[in-house]
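Q: Let me see the structure of the following:
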Amino acid sequence: MKDELRRVFGRRSAAAADRRPWWDENAFESPWPGATVVEHVVDNRVFLLGLDELYRNAVKKHEQGELLACARRVASVLNVLPAVVPIEGYYTEHPDLTAYFRLMRALQEVPLKRAFEVESLTEFRRLLAVTSSPIFGSAVRNGLLPKGRDPLSAALLDVKDWTVAALTAAAAAIARHTGDYSLVGLAARSEDAVVLAALRESVVLYAEPIDGTTAPAWPKFVWQVEPHLSAAAQRFVDEFNALFGRELPPATAKYAHAFGSGVDHSRVLGRCVRLGHIVGSPTRFYHWAIDRGPHGRFEVTEFWAPEIWTSERYRGRYVPGHDNRRAQTPRRLM
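A: Numbering: from 1, shown residues only. The predicted model follows:
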């Protein structure tokens with residue numbers, strides 16, 4: 001069954017200008033005669049995790065290709081070496097993503113006063129356009145390349161005592177007040193800490209065997225996304241597609257299948273993102289991570305540690321097939 005779903009709803013490369021995009025090609029209006037219809041509700045969480053998966057799949061291609069080439073060119077002209085830093089987020093998944101992450105971390109540390117050395121480069125202007133985009137928040141440029149101040153970043157600046165509840169509430173208020181429609185801003189609007197942690201990790205730089213007696217079911221995707229959220233998400237989609245081409249579908253009920261069919265909740269478990277730090281002896285890093293609670297539901301764990309914890313490291317704490325954790329745990333420093 002899942003093989004069939006992958007065939008029907010599988011991700012495709014960006015459509016050529018004279019072809020319909022994959023989300024229109026796969027927007028079937030009715031099941032085959034006699035099919036069992038299985039309803040899939042696309043609510044705020046499913047929609048945002050689906051958008052997140054679409055974003056990750058789309059942006060990785062550009063990071064491994066054109067953007068990596070741009071970063072290499074700019075770094076070469078500036079004589080900047082890749083940064084030796086922990087590899088966060090999904091950038092551990094492929095050597096080219098890792099290379100891009102290290103180069104971008106290095107370029108982010110280049111002083112703004114050196115911008116004149118590369119301002120004439122097409123490659124630099126492309127990196128500047130991407131990193132300045134509102135899909136990452138409000139651009140704050142203190143160095144060569146700006147960083148996005150999304151509602152969660154702004155909440156970290158505003159909230160004195162960092163807790164999941166306080167930051168989630170503050171980020172939601174900021175997103176609505178400012179009209180922020182960045183990926184994290186959309187997550188903030190949902191007031192769902194799990195979604196907020198998962199999508200923030202994205203921007204930090206499947207089938208059961210079917211026997212002959214079981215008929216395949218027709219998936220029915222029911223759109224239950226709040227209008228204010230889908231409207232803001234449409235602005236995110238428009239900005240992303242302006243940067244990279246028509247790769248993300250419209251955030252409307254017509255394309256509920258595009259967002260709902262690609263969500264694999266198991267891939268969200270263990271995402272860990274460093275949100276901020278306090279300089280001291282030692283320096284303390286503040287993290288959010290997605291765990292399973294006592295009843296199997298996702299929840300966000302917050303912790304401080306004297307070093308940066310990545311998703312790969314945090315997921316390594318789990319023993320496959322067991323609920324218990326390995327002895328290695330992040331130290332909580334209060």
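
Q: Excluding its own residues, what touches whichever strand or helix holds Asp238? List them.
A: Asp238 is located in helix 227-244, with elements delineated by DSSP states H and E. Applying CB atoms under 8 Å, 6 or more residues apart in numbering, the contact partners of helix 227-244 are 44, 47-48, 51, 55, 58-59, 62, 129-130, 133-135, 175, 179, 181-183, 185-186, 189-190, 247-252. Heads up, the C-betas are built off the backbone N, CA and C, glycines and all.

Q: Okay, and which of those residues map to strands?
A: Assignment to strands by DSSP state E places none of these there.

Q: Kindly supply the ChimeraX command isolating those of the residues you listed that are buried.
A: Selection of buried members from the contacts of helix 227-244 for ChimeraX, criterion 16 or more other CB atoms under 10 Å:
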select :44,47,48,51,55,58,59,62,130,133,134,135,175,181,182,183,185,186,189,190,247,248,249,250,251,252
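
Q: mind checking how far stretch 104-117 is from the chain centre?
A: In this view, stretch 104-117 has its centroid 25 Å away from the chain centroid, taken as CA atoms, centre = their mean, to the nearest Å.

Q: that older thread, please name every helix or strand in contact with the next helix or strand after the helix holding Asp238.
A: Next in sequence after helix 227-244, counting helices and strands by DSSP H and E, comes helix 256-260. Helix 256-260 sits against helix 22-25, strand 36-43, helix 44-64, strand 217-224, with contacts defined as 3 or more CB pairs under 8 Å, 6 or more residues apart in numbering; DSSP states H and E.

Q: Please repeat the previous calculation with a cut-off of 7 Å.
A: strand 36-43, helix 44-64, strand 217-224 (3 or more CB pairs under 7 Å, 6 or more residues apart in numbering; DSSP states H and E).

Q: Which element, helix or strand, includes the residue nearest to Ser132 when sequence neighbours are not counted?
A: Nearest residue to Ser132 in three dimensions, chain neighbours excluded: Ala139, at 4.4 Å (CB to CB, 6 or more residues apart in numbering). Using DSSP H and E, Ala139 falls within strand 138-140.

Q: Name the residues of that strand that are buried.
A: So for strand 138-140, counting by 16+ other CB under 10 Å, buried means Ser138.

Q: That strand - what's its average pLDDT?
A: Averaged across strand 138-140, the pLDDT comes to 88.

Q: same question, stretch 205-215
A: pLDDT averaged over stretch 205-215 gives 34.

Q: In this protein, where is pLDDT below threshold?
A: Residues of the chain that meet the criterion pLDDT under 70 lie in 1-18, 22, 25-30, 206-218, 262-264, 295, 318-334.

Q: mind running it again at 50?
A: By pLDDT under 50, the low-scoring segments of the chain are 1-15, 206-215, 319-328, 331-334.

Q: OK, contacts around the residue nearest the centre of it?
A: By CA atoms, centre = their mean, the chain has its centre lying nearest to Ser202, at 2.7 Å. Ser202 makes contacts with Asp52, Tyr55, Arg56, Gly89, Leu183, as judged by CB atoms under 7 Å, 6 or more residues apart in numbering.
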